[in-house]
Each structure stands twice: as C-alpha cells, then as structure tokens.
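J.: Output the structure for:
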Amino acid sequence: MQLRLSNRIAIISLAGFSLAIFLPAIFVGIPENYDLGQHLRFAITFYDSFRNGNPFPPFGWNDNFGFGSVGVRFYPPLAHIAMGLVQLATGSWYDTLWLTMLLWMFLGLLGSYLFAFEIMPRPWALTTAIIYAIVPYHLLQVFQAFFLSEFAAAAILPFCFLFLLRVLKHQSLPDTAMLGFFAALLILAHLPSAIMGAFAMGIFAASYLLFTGGYLIRRFTLITISAIASLAASSFYWVRMLPELKWVKHNTTEYYAAGYYNYATYFFPMFLSAGEDYFPRFLWMMDLTTASTVILLLPIGAAFFIGRKEAFGTDYKAILIVAISALFMASLASKPLWDSIPILQKLQFPFRWLIILSFAVSILFPAGVKIILTNQKQLTRKTAYPIAAIALIVLIFDITQIVVPSAPVPRDEIARRVTEVQNTPGCECWWPVWAKKEALSNRNEVTVADRNWVNTSKEASRREYVVASGPSAKIRFNLFYYPHWHASLNGSDVSVEPDENGAVAFDLPEKASDIILEFREPDMVIAARPVSLLMLVFLPSFAIFWRRSSANDEEDQKPNAK
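T.: Numbers count the residues shown, from 1 in each chain. Sure, this is the predicted structure:
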C-alpha cells in the first residue's frame, strides 16, 4: 500500500527528528552508565554466537574469564540480538550502539504517531510523536541510565496499544495477529516493561469496553487469541527462563528487596522514601523526571473541566485512566500493593512505570491542547503562554539535566570498554546461585592433581579432553556449574556437580580418561525454537496477506470506468 505524500513527509520528519536527537551520540560519544557495560556483555555473547552459526547462545561462555554467565538465559534478548546483527554489518561497537539507539527511537516515534493518528488528525499525531521523543524518562533511558532494553520496549509499546485499539474498534483478524506479534516483541525486549505493559493494556481495554460496550465476547476472544499468539511467538525465551529462575542470583531478594535494589527506596516522591540515599544516589533526578512528566498532564486536566464533553472521547478517557494508574503504581501510595504482591517487587524500581506514563502523556498533552483550542474561537495569550511554558520547562529539563550531563564515551574508549568487559568479571546477579567469587582465583582451564591432560576440542558448549592415568581425584573445570552441563567418561555418563565455589567438577578414576563435557538444552527449549520462529514470521505475514487480499477484493468489486 502506497503512503500518501503527507503521511510520508510525517514519517521522514520523524526519522530526521530521531537523528537530530542522537547527533551528540554519533559525533561526541555514547552516554556513560554502569548498564552500558552489561549490555555490551550480552551483545558480545550474541555476536560471537552468530559468528559461530548459533542464533541461540546457551550462556555467556566468554564472560567472567571463561567461567561463563547465564544472564542471556534470563534477560530478554531482542535488544542484544539487534546489536549483534548490527555489529556483524558494521564491525564497530560504537556505530552499533548509536545505530540501535536511533532505530529504537525512530520506531517509538513511528508507533506513537500511528497510534495518535487513529484518534486525532495527522498534525496532532505528529505532535504526539515529538512529545514522546522529548518526554523526560524516554530520553533518560539512554542519555542517563542506559536502560537499552527498556528503551527498546518503549519503541514497541506504542505499537501494542495501536493494534489493541484497532482490535477494540474493528475486531479484525489482521489487527489481532499484529497485536500478538508486537506483544511478543515486547516480551522479548524487556520483561518488566512487558508485565507493566500487559497491566496497562488491560486497563485500557477494560476502560474502552466500559465506555463503549458491545461485541464484548468477540473483542475478548480476539484479545485472548493475541495473548496466546504472543506467548507462542516468544516461547523460545520464556520456556527456558521460567523453569530456571530459581538457579540465577538475580531472582533472589538481594536484587529486588535489599540494598541498592530495594524497591521500597524508589517510590515517587523519593525524598519521602529514599531517606539518606536521596542525594548521594541522585534520586532527586528521578523525582524531577517524574514531576516534569506529570506537568504534561495539565492541559488534559484543564480540558476535562473547560472543554466540550463530546470532544473528550472514549480513546482519551481510556488513555487518561492508564496514565493515572501508571502514576499511582510509581508513587508511594501504591506501596501496600508492592509489599503484598511479589511479582511487583521483582520489577525492582517503581519508577519503571514511567515508561507507561511517558507514552500516555505524549498522547494526552496534544489531546488536551487540541480540546482547549477547539473550545476557543482563537488562540489567546491566556492559553498560549501556559502551554508554551509547560513545553519549555520539559525541554529545558531535558537539555540541562539529561542530555548535556550524559558524560559521553568517545569512539576509542568504547573499543577499550569492549576489551575491558571481556577481561573483567561481570555482575554477580547473572551468575548461578551457587557460584562464588572465590572460583575466579583459580582460572586454570582444568585442575586435577598429579595428572596430565590435553584439550582435544573446545567449542562454546562442548569440550573434549584426554586425561592421563594417575591417582583417583576430583577434576575441576573453569566453568560455573549449571544443571545442563553433562559429562561422559570413556563413553559413560557421570554425575556433574558444583565444587565448593560453584565450578564444574566430578570424580575421576585412576585409569586414563576421555572426557566430553557438553551443555545440553532441555527438549522443551529446543522444541520451542521453531514454534517461535514460525509464529514470528506467520503473524505479520498473515496480516499483510489478509489486507492485500481484502484490498484486491474491494478493487475487483468497483465498477469499470466508462
């Protein structure tokens, strides 16, 4: 389907605007943050795995001096798959970083534009996308915190709402398929965002149905089909992740209910919840970010009281309820809910609800301005100045507090960082629960008393050794133990166990031994891969084919011109 000129110009404008935002990253440096190193670790694992012909790396085999890490089994892979693929094309991690950030920004603006175009005229929809670009938390995700996967989720979230709205409005199968497709991408981008997104979309759908009524069973059935399709399309990730959560340190209370990661510290306003950590950990920044986002709701609040009620449509009401719900979940008022619901605690940071609020206010700010202007015969100073002041406050905050202080890392330093992350231990949160730092003090590939050995084959998930005869002993490898490590000794399976520091070990008899050490994925994980691939191809293909077929049918039914 050809884009009309005006639509094409809008999309090109969004691409240009996205590029303008990331000019500092392109020419000055990549924003600095602790998470930058972790995302590089994950991306390097995927890049190395792609080069070795395996699109599903079982673990980070080069991480932690060769002991490996299991983070890639638990962290949603979409952003790092994208980085790995771009790195294959560019050969430069610096270019990979800014190109992927640019990609996610453009997709986010495109999705918010298309969603807004469903409920308001094109110029206002374009304004929505621009607001989404500069809403503070959206920029903070990359220029301050470097929440790259969450930034990718922020790009996908508008498409989820777009096709949810279309399913609610039109109850069509192509929209149902696309909702399932983008919901799967959201799961694969960032799990906390997917959980919050599911909640927000549920609130939106329930509100929409409450205000409109009708076709309840059909709408509910189509949304359920989308949910099932999204789970099938993302199954290669979650069928591996969910059963193994008990084996990774990130799932322990240390990383969501204690110390730095204690969720109770991060409720808005944080000056009430953070205590003495408020200034040393720059938590005031999150308070200001939240406040700068909330003020964008002022026009829709004013419109609700002074605008014509018929202008305040169902779409705006449903999005406003989503915004209020997200703000509530980010605030101290929701703490009793967090205290009683463990899955909320595992989101770690209540301010993550700003990803939902940011999308909602990008719709509601222009919607409020539009309703106010519609209610007036002409734009007056009394209206224009407050609206301009709100936009100016947000823009000044973005520039002075988010973009300028981002401490950019130049190109040559990024290359050094890549080498550094490969030669330093990673975050213990992505180690198996039985792994200890003490294991890293012995980095010998094989440790076995009074026995000679030779490595005959070494791959990411399979190693072969020949060990000479000698006294019986325990053989230990420089690999963190994981239940999927299997060993055979002279063709017979042997039991693999962690040593006192969590490294792979097992008993060795006196005779010479041929050893095969292999990481084997469960059958269910292997079976889920073609299912995911099939669904990720089928869902958008079905939607495109259906729409083209319908368009051709409509064309055939038109009378011939005379």
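J.: Quick check: nearest residue in space to residue 26, chain neighbours excluded?
T.: The shortest distance from residue 26 to any non-neighbouring residue, by CB to CB, 6 or more residues apart in numbering, is to residue 98 (5.2 Å). Any C-beta I mention is one placed from the backbone N, CA and C, and that applies to glycine too.
J.: Next, the contact list for that neighbour, please.
T.: Going by CB atoms under 8 Å, 6 or more residues apart in numbering, residue 98 touches 22, 25-26, 30.
J.: Check residue 474 too.
T.: 448, 499, 505-508.
J.: re the thing from before, neighbour-wise, which of the contacts of residue 98 leads?
T.: In terms of neighbours by other CB atoms under 10 Å, these top out with residue 30 at 28 neighbours.
J.: Strands of the chain, residue ranges please.
T.: 446-447, 453-458, 462-467, 473-480, 485-489, 492-494, 497-498, 503-508, 513-519 (DSSP state E).
J.: Tell me the pLDDT of residue 423.
T.: Looking at residue 423, its pLDDT reads 81.
J.: Actually, residue 275.
T.: Taking residue 275 on its own, its pLDDT is 82.
J.: which helix is the longest one in the protein?
T.: helix 523-557 (DSSP state H).
J.: elements contacting that one?
T.: Helix 523-557 sits against helix 173-189, helix 216-233, helix 235-244, with contacts defined as 3 or more CB pairs under 8 Å, 6 or more residues apart in numbering; DSSP states H and E.
J.: Including mean pLDDT and distance to residue 394, could the strands of the chain go into CSV?
T.: As requested, the strands of the chain are exported to CSV (pLDDT from 0 to 100; distance: least, CB to CB, whole Å):
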stretch, mean pLDDT, distance to residue 394
strand 446-447, 95, 58
strand 453-458, 93, 54
strand 462-467, 95, 54
strand 473-480, 95, 46
strand 485-489, 95, 52
strand 492-494, 94, 62
strand 497-498, 94, 51
strand 503-508, 95, 51
strand 513-519, 95, 49
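J.: Could you say which one of those comes nearest to residue 323?
T.: Taking CB to CB, strand 473-480 is the member of the strands of the chain nearest to residue 323, at 43.6 Å.
J.: Please report the distance of residue 84 from residue 295.
T.: 39 Å (CB to CB, to the nearest Å).
J.: Compare those two (neighbour count), which wins?
T.: The neighbour count for residue 84 versus residue 295, taken as other CB under 10 Å, is higher for residue 84 (24 against 16).
J.: Tell me if I'm right that the more buried one and residue 52 touch.
T.: No: at 11.5 Å, residue 84 does not count as touching residue 52 under the criterion of CB atoms under 8 Å.
J.: pLDDT wise, what is the residue nearest the centre of the chain at?
T.: Centre of the chain computed as the mean C-alpha position; nearest residue by CA atoms, centre = their mean is residue 190, 2.7 Å away. pLDDT, residue 190: 97.
J.: now residue 551
T.: Note for residue 551: predicted pLDDT of 62.
J.: how many neighbours does the residue lying closest to residue 365 once chain neighbours are set aside have?
T.: Distances taken as CB to CB, 6+ apart place residue 296 nearest to residue 365, at 4.5 Å, with adjacent residues excluded. For residue 296, the neighbour count with other CB under 10 Å is 26.
J.: what's the answer for residue 359, then?
T.: 30.
J.: Repeat that for residue 293.
T.: By the criterion of other CB under 10 Å, residue 293 has 27 neighbours.
J.: same check, this time on residue 442
T.: The burial count for residue 442: 12, using other CB under 10 Å.
J.: same deal with residue 516?
T.: 17.
J.: got the contact list for it?
T.: Counted by CB under 8 Å, 6+ apart, residue 516 has contacts 462-464, 487-488.
J.: Could you chop the chain up by domain?
T.: 5-417, 443-519 (automatic domain parsing).
J.: so can I have a markdown table of the helices and strands packed on helix 523-557 showing distance to residue 440 and mean neighbour count?
T.: Formatted as a markdown table, those follow (distance: least, CB to CB, whole Å; neighbours: other CB atoms under 10 Å):
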| stretch | distance to residue 440 | mean neighbour count |
| --- | --- | --- |
| helix 173-189 | 31 | 26 |
| helix 216-233 | 38 | 17 |
| helix 235-244 | 23 | 18 |
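J.: Of all the ones you listed, which one is nearest residue 59?
T.: Proximity to residue 59, assessed across the helices and strands packed on helix 523-557 by CB to CB, is greatest for helix 235-244 (10.9 Å).
J.: what's the angle between the closest one and helix 216-233?
T.: Counting by axes from the mean of the first three to the mean of the last three CA atoms, to 10 degrees, helix 235-244 lies at 80 degrees to helix 216-233.
J.: pull the CA atoms of helix 235-244 into CSV?
T.: What follows is helix 235-244, C-alpha atoms only, in CSV (Å, rounded to 0.1, in the frame of the first residue of the first chain):
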residue,chain,number,x,y,z
SER,A,235,8.2,-19.2,23.8
PHE,A,236,11.9,-19.8,22.9
TYR,A,237,12.7,-17.3,25.6
TRP,A,238,10.2,-17.9,28.4
VAL,A,239,10.2,-21.7,28.3
ARG,A,240,13.9,-21.6,29.1
MET,A,241,13.7,-18.7,31.6
LEU,A,242,10.7,-19.5,33.8
PRO,A,243,11.7,-23.0,35.0
GLU,A,244,15.3,-21.9,35.7
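J.: Just list the residues touching residue 521, thanks.
T.: 56, 58, 240, 484.
J.: and if we set it to 10 Å?
T.: Residues counted as contacts of residue 521 (CB atoms under 10 Å, 6 or more residues apart in numbering) are 56, 58, 73, 240, 461, 484, 527-529.
J.: With residue 417 instead?
T.: Contacts of residue 417 by CB under 10 Å, 6+ apart are 30, 32, 36-37, 40, 93-94, 409.
J.: ranking those by neighbours, who comes first?
T.: The most crowded member of those is residue 30, carrying 28 neighbours; neighbours defined as other CB under 10 Å.
J.: Please read off the pLDDT at that residue from the model.
T.: Value listed for residue 30 in the pLDDT field: 94.
J.: I'd say it and residue 406 touch.
T.: Yes: counting by CB atoms under 10 Å, residue 406 is a contact partner of residue 30 at 8.9 Å.
J.: joint contacts of those two?
T.: Common neighbours of residue 30 and residue 406 (CB under 10 Å, 6+ apart) are 24, 142-143, 146.
J.: among the contacts of residue 417, which one has the lowest pLDDT?
T.: For the contacts of residue 417, the pLDDT minimum is residue 32, 85.
J.: which stretches of this structure aren't confidently modelled?
T.: Where the chain drops to pLDDT under 70, the residues are 1-5, 307-311, 377-379, 550-562.
J.: make it 80
T.: Counting by pLDDT under 80, the chain has low-confidence residues at 1-6, 34, 281, 305-312, 375-380, 422, 549-562.
J.: Turn the strands of the chain into TSV, including distance to residue 301.
T.: Listed next are the strands of the chain as TSV, based on distance: least, CB to CB, whole Å:
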stretch	distance to residue 301
strand 446-447	67
strand 453-458	63
strand 462-467	61
strand 473-480	53
strand 485-489	58
strand 492-494	67
strand 497-498	57
strand 503-508	59
strand 513-519	56
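J.: Indicate which one of those is closest to residue 420.
T.: strand 473-480 (19.8 Å).
J.: circling back: give me every residue that touches the residue nearest to the centre of the chain.
T.: 75-76, 78-79, 147-154, 156-157, 196-197, 352, 355.
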